[in-house]
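Asker: Give me a model of this one.
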Amino acid sequence: MAVHTRSPNPDVPPDYDAFLLVHHAHRADWSLSYRSAVTTPYLATNRIDPEITVAATTLDALDSALTSFQRPFHVRPYIDCVRSW
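Answerer: Numbering: from 1, shown residues only. Sure thing, here's the model as predicted:
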């Protein structure tokens, strides 16, 4: 009987539990992803300004960068409630 072992998915971080903790800490401002085929596999994209991305070689480096990053200025659109009565 042959035993088949499943190879790990290359696009799942090797430290998945730690990755989830970092994601949870920064999820309001950042979308995190992992890409195994590049030299900087950890990537964060800013949710307010998607043109802002941070890439890192380690999860600790990414967490440190996101912790020290200041939020970009963003004006929320509001409805102008002018009553004419």
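
Asker: Next, the spatially most central residue of the chain: secondary structure please.
Answerer: The C-alpha lying nearest the average C-alpha coordinate of the chain belongs to Leu32 (CA atoms, centre = their mean; 1.9 Å). When states are read from DSSP: H, G, I helix; E, B strand; the rest coil, the local structure at Leu32 comes out as strand.

Asker: and it, how far is that from Ala61?
Answerer: Distance of Leu32 to Ala61, computed by CB to CB, to the nearest Å: 13 Å. Every residue, glycine included, has its C-beta placed from N, CA and C.

Asker: can you list residues touching both of the two?
Answerer: Tyr42 (CB atoms under 8 Å, 6 or more residues apart in numbering).

Asker: all helices for this structure, in order.
Answerer: According to DSSP state H, the chain carries its helices in the segments 16-26, 59-68.

Asker: ok, now how distant is Pro41 from Ile48?
Answerer: Counting by CB to CB, the gap from Pro41 to Ile48 is 24 Å.

Asker: Equivalent analysis for Pro72, please.
Answerer: Between Pro72 and Ile48 the computed distance is 5 Å (CB to CB).

Asker: count of residues packed around Phe69?
Answerer: Phe69: 15 surrounding residues under other CB atoms under 10 Å.

Asker: which ones are touching it?
Answerer: 29, 54.

Asker: What does the pLDDT read for it?
Answerer: Turning to Phe69, the model gives it a pLDDT of 88.

Asker: swap in Phe73?
Answerer: 70.

Asker: Also Ala18?
Answerer: We note a pLDDT of 96 for Ala18 in this prediction.

Asker: and what of Leu43?
Answerer: For Leu43, the model assigns a pLDDT of 97.

Asker: and what of Ile79?
Answerer: 64.

Asker: Check Leu66 too.
Answerer: pLDDT, the model's per-residue confidence, is 96 for Leu66.

Asker: Now it: closest residue in space, sequence neighbours ignored.
Answerer: Leaving out its chain neighbours, the residue that sits closest to Leu66 by CB to CB, 6 or more residues apart in numbering is His26, at 4.8 Å.

Asker: thinking that neighbour is in contact with Asn46, fair?
Answerer: No. His26 is not in contact with Asn46 according to CB atoms under 8 Å; the separation is 10.0 Å.
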